[in-house]
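would you be able to build a 3D model of this:
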Amino acid sequence: MTFEPLSHRHLDSLLRFEQENRAWFETLISARDPRFYTRSGVKRHIDSALTNLELKKGYSAVLMDANQVCARGNLKNINAKDKVCFVGYRVAQYHTGKGHASYCLAKLINVAKETFKMDELRAKVLSNNPASASVLNKNGFIELSNEKDIISLNGELLSGVTFSLKIQ
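A predicted model of the protein is given here:
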């Protein structure tokens, strides 16, 4: 497996990953605009990610297994002044429980530290996703704050937790 910066060469594999896991992801997070799930929609997404990278406001990567995306991760809202940014990741349903989220997170922590010189990473997790919270805890993140009823997902009001990791 390889963890690679997102590029246009990942377009078809990323589209397949997003389409195949759409229903799974939508049980855990808000749905993307349906136009995203097209070749042009994913191309726009990659274009945006590359622009954010060029502006040093974001970083996106994919975890590849046999030339297929099995997970993806990103750094967003990079604040060079405060040296803090947010981290996120998605793992294909078929690949859950195999350590891919932890692997992506470890790689993203390293990129945040080495490339962007961040001092702190944050992550938001909804109450319906204890597996993601567990991955963060296992990797040294601690709870920073709790918010009640921040989103309605599939007819259910969900709370959220913001986690923080001070990077050494």
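
other residues contacting whatever helix or strand Leu50 lives in?
Here Leu50 sits within helix 39-54, counting by DSSP states H and E. For helix 39-54, contacts defined as C-beta atoms under 8 Å, 6 or more residues apart in numbering pick out 5-8, 10-12, 14-15, 18, 33, 35-36, 58-60, 74, 76. (Glycine included, C-beta is placed from N, CA and C.)

by mean pLDDT, flag the weakest helix or strand of this protein.
strand 142-153 (a mean of 82; mean pLDDT, DSSP states H and E).

list the buried residues in it.
Leu153 (16 or more other C-beta atoms under 10 Å).

what strands flank it, and is each parallel or antiparallel?
Its sheet considered, strand 142-153 pairs with strand 156-166 (antiparallel) by DSSP bridges.

for the strand it pairs with, give the mean pLDDT please.
Strand 156-166 comes out with an average pLDDT of 88.

which residues are contacting it?
By C-beta under 8 Å, 6+ apart, strand 156-166 touches 109, 119-128, 133, 136-137, 139-152.

quick check, distance from that strand to the centre of its chain.
14 Å (C-alpha atoms, centre = their mean, to the nearest Å).

next: stretch 156-168.
Worked out by C-alpha atoms, centre = their mean, stretch 156-168 lies 13 Å from the chain centre.

again, but for stretch 155-165
15 Å.

just to revisit the earlier point, quick one: average confidence on the helix holding Leu50?
pLDDT averaged over helix 39-54 gives 97.

one more: stretch 8-27?
94.

buried sites along that stretch?
10-11, 13-15, 17-18, 21, 25.

dump that stretch to PDB, restricted to CA.
Extracted in PDB, the C-alpha atoms of stretch 8-27 (Å, rounded to 0.1, in the frame of the first residue of the first chain):
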ATOM      1  CA  HIS A   8      -5.300  14.000 -11.500                       C
ATOM      2  CA  ARG A   9      -4.000  10.500 -12.100                       C
ATOM      3  CA  HIS A  10      -6.300   9.300  -9.200                       C
ATOM      4  CA  LEU A  11      -9.400  10.600 -10.800                       C
ATOM      5  CA  ASP A  12     -11.000   7.400 -12.000                       C
ATOM      6  CA  SER A  13     -10.000   5.400  -8.900                       C
ATOM      7  CA  LEU A  14     -11.200   8.200  -6.600                       C
ATOM      8  CA  LEU A  15     -14.500   8.400  -8.400                       C
ATOM      9  CA  ARG A  16     -15.000   4.600  -8.100                       C
ATOM     10  CA  PHE A  17     -14.100   4.800  -4.300                       C
ATOM     11  CA  GLU A  18     -16.600   7.600  -3.700                       C
ATOM     12  CA  GLN A  19     -19.400   6.000  -5.800                       C
ATOM     13  CA  GLU A  20     -19.000   2.500  -4.200                       C
ATOM     14  CA  ASN A  21     -18.900   3.900  -0.700                       C
ATOM     15  CA  ARG A  22     -21.400   6.700  -1.000                       C
ATOM     16  CA  ALA A  23     -24.200   5.000   0.900                       C
ATOM     17  CA  TRP A  24     -21.800   3.900   3.600                       C
ATOM     18  CA  PHE A  25     -20.300   7.400   4.000                       C
ATOM     19  CA  GLU A  26     -23.800   9.000   4.100                       C
ATOM     20  CA  THR A  27     -24.700   7.000   7.200                       C
END
